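**Student:** prediction below, plus the sequence it came from.
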Amino acid sequence: EGTWLKLVPRESAFDAQNAAESIDSDIIQRHLFAGVLGITDPRAKELTFVGGNRDAAYLREQVDAGHHELAVTLAPVTIEQFIEVCRQNRIMPPKSTWFQPKIRSGLVMALLD
């Protein structure tokens with residue numbers, strides 16, 4: 001109970017030239033969830049996403065109470081990582097972004113004269 005581990009990926013765990021593959025959530029998805037736990041879909045029901053507005057204490061409480069077996073915290077994506085993913089014309093990995101306040105769905109456009 002209460003054990004935390006810090007995982008640091010080997011350089012061979014991702015392609016440093018691929019900005020999307022070097023984001024923590026992609027590394028965790030490919031190597032821990034898919035590689036170790038066999039969960040290949042990041043949207044699988046076995047995974048619960050907790051937004052960036054929750055702290056490590058909340059995650060610990062969830063695991064200690066038996067609601068979940070494992071909690072993983074990730075470093076936030078930096079603006080430099082985000083820009084590089086865009087520059088490479090790649091797609092951000094699932095669950096790699098957390099923005100608040102949330103932008104409303106859709107887009108409102110107005111003609112300005």
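**Tutor:** On my side now, so go ahead.

**Student:** and the helices in this protein?
**Tutor:** Secondary structure of the chain (DSSP state H): helices located at 24-28, 56-64, 79-87.

**Student:** nearest approach to Lys95 belongs to which of the ones you listed?
**Tutor:** Proximity to Lys95 (C-beta to C-beta) singles out helix 24-28 among these, at 5.3 Å. (C-beta placed from N, C-alpha, C; glycine too.)

**Student:** return that closest one as CSV; C-alpha atoms alone will do.
**Tutor:** Provided in CSV are the C-alpha atoms of helix 24-28 (Å, rounded to 0.1, in the frame of the first residue of the first chain):
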residue,chain,number,x,y,z
ASP,A,24,4.7,10.0,-22.0
SER,A,25,1.2,8.8,-22.6
ASP,A,26,2.2,7.1,-25.9
ILE,A,27,5.2,5.4,-24.2
ILE,A,28,3.0,4.1,-21.4
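
**Student:** how about low-confidence regions in this structure?
**Tutor:** Scanning the chain for pLDDT under 70 picks out 1-2, 99-111, 113.
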